[in-house]
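*Asks:* Predicted model and sequence below, questions to follow.
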Amino acid sequence: MPPKNNKQAFNTLLGRSPAMEAVIRTAQIAAAADVHILIEGETGTGKELLAQEIQAASLRSEQAFIVVNCAALPIELVESLLFGHEQGAFTGAHERRKGLLQKAHQGTLFLDEIGELPLAIQAKMLRFIEHGECQRLGTSDVEFVDVRIIAATNRNLMQMVDSGHFRQDLFYRLNIVPMQLPPLRQRKRDIAELAEHFLQQAAERNQTNVARLSQAALERLKKHDWPGNIRELRNVCEHVSALLPGLEIQCEHLPSNLESSIKKAAGSSGFELPEEGINMESLEIDLIQQALEYTNGNKSEAARLLSLSRDAFLYRLKKHNL
């Protein structure tokens, strides 16, 4: 059976903000290329879902997709779990066992939190990636295994390389197709679509009517900083869906921690940078022109409105030929 086409496969990655669209375009190309991939992004941004979609659109779509949380692997068993072991290789090894790499043969192994792998295992993983060699614990025999590696991390691997906690050669072997998943605070135009999706999911799972967000509640969600990213938004939607099935969600129904985080953020200037960015020169010209309009051309008053000295204001007028 052929893999899904890219359009079908990546439909589950909701959101069409510029940052997310850029990731999806890269993922569509990478899916067909059969190379190793590194996905970086904060916790809760959807790294595993992206890896699943890449697998679904690849030529390996009908083969195994095995997920490994490197942070949860017992240190003393990491090598055995990944590469397998022979009978008697260590205390408790009563039989020969395949490792996860052998089980993923011809498929994909998703190494989540790759930065947590011990350095000794990083060296062995590098050997595998470069040559396909998989050596079970307790033997000098080598198997050749065909596995695509998709690695993910919420840490800065380059900083870990600089500090000696991650191998530079392994980083470059994994970083053939790098992808950076944006945090939710950088794709707030996607919040409405994501929230609607999560509310629908919660209603189907609980067999209830779908809760709806009021416009005020949606605006409140857009003002939150979302340190937990998409996972946090999903939890909020599940919370309100369980308490108010089929009803319209108002601001007062949202978890109180959203309100406190918004009040904390309000202590700054109050300006929020748009996702698409701004043209600083155009913005400065526009503000100067508005200040002059408000003051009927009085330059001293216009400078005061912009918290500038008169000399600094006159400099900017000359700079922009105003």
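*Replies:* In hand now; what should we look at?

*Asks:* which SS class is residue 38?
*Replies:* Following DSSP: H, G, I helix; E, B strand; the rest coil, the label given to residue 38 is strand.

*Asks:* Over to residue 150?
*Replies:* With three-state DSSP as the basis, residue 150 sits in strand.

*Asks:* That one pairs with what?
*Replies:* residue 37, residue 110 (DSSP bridges).

*Asks:* Surely it touches residue 52?
*Replies:* No: contact criterion C-beta atoms under 8 Å: residue 150 and residue 52 do not qualify, at 9.3 Å. To be clear about C-beta, it is placed using only N, CA and C from the backbone, and glycine gets the same treatment.

*Asks:* Looking at those two, which is more packed in?
*Replies:* The neighbour comparison of residue 150 against residue 52 (other C-beta atoms under 10 Å) goes to residue 150, with 29 against 19.

*Asks:* rewinding a little: joint contacts of residue 150 and residue 52?
*Replies:* Listed as contacting both residue 150 and residue 52 by C-beta atoms under 8 Å, 6 or more residues apart in numbering are residue 110.

*Asks:* Pass me the low-pLDDT residue ranges in this protein, would you?
*Replies:* Applying pLDDT under 70 to the chain picks out residues 1-9, 11, 259-276.

*Asks:* and it, what are its domains?
*Replies:* As assigned by automatic domain parsing, the chain contains the domains 6-182, 185-265, 280-319.

*Asks:* quick one: the strands in the stretch 51-200 of the chain?
*Replies:* Secondary structure of the stretch 51-200 of the chain by DSSP state E, counting those that start in this stretch: the strands cover 65-69, 108-112, 133-134, 143-144, 148-153, 177-180.

*Asks:* Tabulate the ones you listed (TSV), appending distance to residue 195.
*Replies:* Shown next, in TSV, are these (distance: least, C-beta to C-beta, whole Å):
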stretch	distance to residue 195
strand 65-69	26
strand 108-112	25
strand 133-134	44
strand 143-144	47
strand 148-153	24
strand 177-180	23
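
*Asks:* For residue 246, which of those is the nearest?
*Replies:* Closest approach to residue 246 among the strands of the stretch 51-200 of the chain is made by strand 65-69 (34.8 Å; C-beta to C-beta).

*Asks:* Give the partner strands of that closest one in its sheet and their orientations.
*Replies:* strand 108-112 (parallel).
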